[in-house]
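> what's the 3D shape of this:
(2 chains)
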Protein chains: 2
Amino acid sequence: MTPPSHLAYVPFISVENMMRLIHSIGIETMLRELADAIEHDFTRWPLFDKTPRVGSHSEVGVIELMPTSDGDLYGFKYVNGHPSNTKQGLQTVTAFGLLAQVSSGYPVLLSEMTVLTALRTAATSAMAARHLAPKGAKVMAVIGNGAQSEFQALAFKAVVGIEEVRLYDIDAAATAKCARNLAGSGLKVTRCQSSQEAMEGAQIVTTCTADKQYATILTDNMIGDGIHINAIGGDCPGKTELHRDILLRSDIFVEYPPQTRIEGEIQQMPEDYPVTELWQVINGEVQGRKSASQITLFDGVGFAIEDFSALKYVYQRALKTGHFQQLDMIADPDDPRDLFGMLHRAGDAA
Amino acid sequence: MTPPSHLAYVPFISVENMMRLIHSIGIETMLRELADAIEHDFTRWPLFDKTPRVGSHSEVGVIELMPTSDGDLYGFKYVNGHPSNTKQGLQTVTAFGLLAQVSSGYPVLLSEMTVLTALRTAATSAMAARHLAPKGAKVMAVIGNGAQSEFQALAFKAVVGIEEVRLYDIDAAATAKCARNLAGSGLKVTRCQSSQEAMEGAQIVTTCTADKQYATILTDNMIGDGIHINAIGGDCPGKTELHRDILLRSDIFVEYPPQTRIEGEIQQMPEDYPVTELWQVINGEVQGRKSASQITLFDGVGFAIEDFSALKYVYQRALKTGHFQQLDMIADPDDPRDLFGMLHRAGDAA
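Have a look, this model is predicted:
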């Protein structure tokens, strides 16, 4: 067969190349650059195509497609959520994503996104905290020490200036794993026996637990004035982490209200419960933190624009560093109307 | 780095492997088997998740995601439609698709679908005609001789028993290309100077033109009693091929009414205009062709279930024949909660 033309090739970032790319940049540098890239796209929020994710639900989990476009590039992410996967040694969440040219519809990048989503989720949290957390915050409690916890810790170190993380998980092995992974990171790591203990002296609390159920990871008495809550784990219908009383005392910031009202902590509240869209804070349209005593809550569920920003970032970086391979994914006949001729001649040549 | 585990790999069928797979099976055999596979899935139509495609529209085209699931497997197709692409030497339509396990959310196949979509579209048309065309039809007019035309001709030969195709396109070069590609196929190929001439003696007419506009490829006077019309080219809002009077004289069969009313020929008709769902004919619930004089119209726009059937078919065939490569697309840490540890250790090992 004649080799495919260059139009037929789509750059692909495998898991291995993603890990190489991250280490070539440095994980903290990459978290900082991702936070900046996401923040930049939040300032141009109104020009993005926005639609709630398209989910296919089953009894054991969900498979979702999250598309968006800025008019120049189109991106989507495929992501699953299967809480019982870990019992079979599988990931709860796996993901991959694609970027394409809006002008031609041709894909320009296919990428693993299991690792990349972990980074963009942490970068988004830290970027939100840069606008919402009390100034000079140095101590963060991390409740839930699963797959996302170390990424959160490092992002808050790199972006917000956190110096100590206080870890708690109902599973002590998860806390031990997280502490082990963060050894040598430059963070002071404190293992705690309860959520209460983890909250001692913390200005920020990140909740990133994984149970698919209404849980109460934090109760009202645990949240003092001035705290910033970064609630990440409540991210699908029926899954929340915070007691309703905490929501009533907090000013709540969200990515995209139509999605967060279904998936976030605010699914506990009435449909018209007041929330602020984070992009308006970043844009300067609305004030974020107004006082030292205010309780701020980022009710993060993950939105398509963050994936778009992350894909665009790794696309630019991978093209420079060569951390990709070429996939023969697009049929490209010499004459576009002659797809059959291309197929036919391939048979003759075989 | 340690090599990824087998869970990390997703079989990928490139364009080259797709072409090899088709030739190893034989194109007519594959069109017949695809028609059977699609027909089989149409008999279990009610158990599929059905949703209209999710489109991102721009001034020059559209990018769409078409998901579906039968409860066991989940599939989606990415497809673009950019009519002006051909001016830049690009395909109007490119596509790729994915299958995943519903139980785990893990992808099991990534495949090119530009070539595969051409085959499944032709196989679906021929499968519909098997139920709707007059018995013993031997002659088919093909109006529009672009990328889909040869696939339609061969599918109707393989599945319906067509012996002669009568070709017409406003661009004589397209007709010449189609005739050249079909030489040696065993079909009698007649090049015509007009749609009228192409219709002479035809029991079936396939319209597969590509203009993104309301066009009138066929007018009422050209359609005699007993004809089966296979209308493929009108497949997006604002794009139709048939004069409204033809629709009024025909019994109309569609894939999925909510989608066809937006994209198909029947976008010209009132929202409640009566149509028959093809799957009910195939199931035996509703009679297809009722008399020799009836005009039947398959208003085909392409539906996600056909892509699902095609992906499942090539998945089974590719696994047997080895026409695929393994992509390192899914991050698979030894401990699913320890994604960070996997990334961290990859850095140490690099």
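
> Let's check: the centremost residue of chain A is which one?
The centre of chain A sits closest to A:T121, judged by CA atoms, centre = their mean, with a distance of 2.4 Å.

> would you list every one of the helices in the stretch 101-250 of chain A?
Here the stretch 101-250 of chain A has its helices, by DSSP state H, counting those that start in this stretch, at A:114-132, A:149-155, A:172-182, A:195-199, A:244-249.

> ok, back up a step: which residues sit in contact with the residue nearest to the centre of chain A?
A:T121 is in contact with A:Q148, A:F151, A:Q152, A:I232, A:G300, A:G302, A:E306, counting by CB atoms under 8 Å, 6 or more residues apart in numbering or on different chains. Yep, even glycine has a C-beta here, placed from its N, CA and C like the rest.

> tell me which residues in the helix or strand containing the last one are buried?
Right, the one you point to is A:E306. When elements are assigned from DSSP states H and E, A:E306 belongs to helix A:304-321. For helix A:304-321, the neighbour count (16 or more other CB atoms under 10 Å in any protein chain shown) marks A:304-315, A:317-318 as buried.

> What is it packed up against?
strand A:9-13, helix A:15-25, helix A:27-43, strand A:62-69, strand A:73-81, strand A:95-101, strand A:107-112, helix A:114-132 (3 or more CB pairs under 8 Å, 6 or more residues apart in numbering or on different chains; DSSP states H and E).

> quick one, the longest one and strand A:9-13 angle?
Per axes from the mean of the first three to the mean of the last three CA atoms, to 10 degrees, the angle that helix A:114-132 makes with strand A:9-13 is 70 degrees.

> now the angle from helix A:114-132 to helix A:304-321?
Inter-element angle recorded for helix A:114-132 and helix A:304-321: 120 degrees (by the same axes, to 10 degrees).

> I'd like to know which residues of the stretch 251-350 of chain A are adjacent to chain B.
Neighbours of chain B within the stretch 251-350 of chain A, by CB under 8 Å from any CB of the partner chain: A:327-333, A:335-344, A:346-347, A:350.

> Buried subset of those residues, written for PyMOL?
The PyMOL selection below is limited to those of these classed as buried (16+ other CB under 10 Å):
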select buried, chain A and resi 327+328+329+330+331+332+333+336+337+338+339+340+341+342+343+344+346
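
> Show the contacting residues for the closest residue to A:H228 other than its chain neighbours.
The shortest distance from A:H228 to any non-neighbouring residue, by CB to CB, 6 or more residues apart in numbering or on different chains, is to A:A133 (3.9 Å). By CB under 8 Å, 6+ apart, the residues touching A:A133 are A:V160, A:Q203, A:I204, A:H228, A:R289, A:T296.

> Can you give me the domain assignment for chain A?
Following automatic domain parsing, chain A resolves into domains at A:6-115+A:305-349, A:134-302.

> Next, format these as CSV and append mean pLDDT.
Below are those laid out as CSV (pLDDT from 0 to 100):
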stretch, mean pLDDT
domain A:6-115+A:305-349, 93
domain A:134-302, 93
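
> is it possible to export the ones you listed to TSV including distance to A:S125?
TSV is the format used below for the domains of chain A (distance: least, CB to CB, whole Å):
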stretch	distance to A:S125
domain A:6-115+A:305-349	9
domain A:134-302	5
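
> Would you mind finding the most buried of the helices of the stretch 101-250 of chain A?
helix A:149-155 (a mean of 29; mean count of other CB atoms under 10 Å in any protein chain shown).

> What lies in contact with it?
A:27-28, A:31, A:35, A:118-119, A:121-123, A:125-126, A:140, A:142, A:162, A:165, A:167, A:169, A:174, A:178, A:181-182, A:185, A:187, A:206, A:208, A:230, A:232, B:340.

> Find the closest residue to chain B in the stretch 101-250 of chain A.
A:G105 (2.4 Å; CB to the nearest CB).

> dump the residue contacts of that residue.
Applying CB under 8 Å, 6+ apart to A:G105 gives the contacts A:Y74, B:G61, B:V62, B:I63, B:N80, B:G81, B:H82, B:N85, B:T94.

> Let me have these in JSON lines, extended by distance to A:A8.
Below are the contacts of A:G105 laid out as JSON lines (distance: CB to CB, whole Å):
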{"residue": "A:Y74", "distance to A:A8": "19"}
{"residue": "B:G61", "distance to A:A8": "19"}
{"residue": "B:V62", "distance to A:A8": "22"}
{"residue": "B:I63", "distance to A:A8": "18"}
{"residue": "B:N80", "distance to A:A8": "15"}
{"residue": "B:G81", "distance to A:A8": "19"}
{"residue": "B:H82", "distance to A:A8": "16"}
{"residue": "B:N85", "distance to A:A8": "14"}
{"residue": "B:T94", "distance to A:A8": "10"}
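
> and the residues you listed, which are buried?
Burial by neighbour count, 16+ other CB under 10 Å: within the contacts of A:G105 this picks out A:Y74, B:G61, B:V62, B:I63, B:N80, B:G81, B:H82, B:N85, B:T94.

> between these, which is nearest B:D49?
Nearest to B:D49 among those is B:I63, at 21.0 Å by CB to CB.

> Next one: the closest one from chain A, what distance?
B:I63 sits 5 Å away from chain A, going by CB to the nearest CB, to the nearest Å.

> That residue against B:K77, yeah?
No - with contact defined as CB atoms under 8 Å, B:I63 does not reach B:K77; the gap is 11.3 Å.
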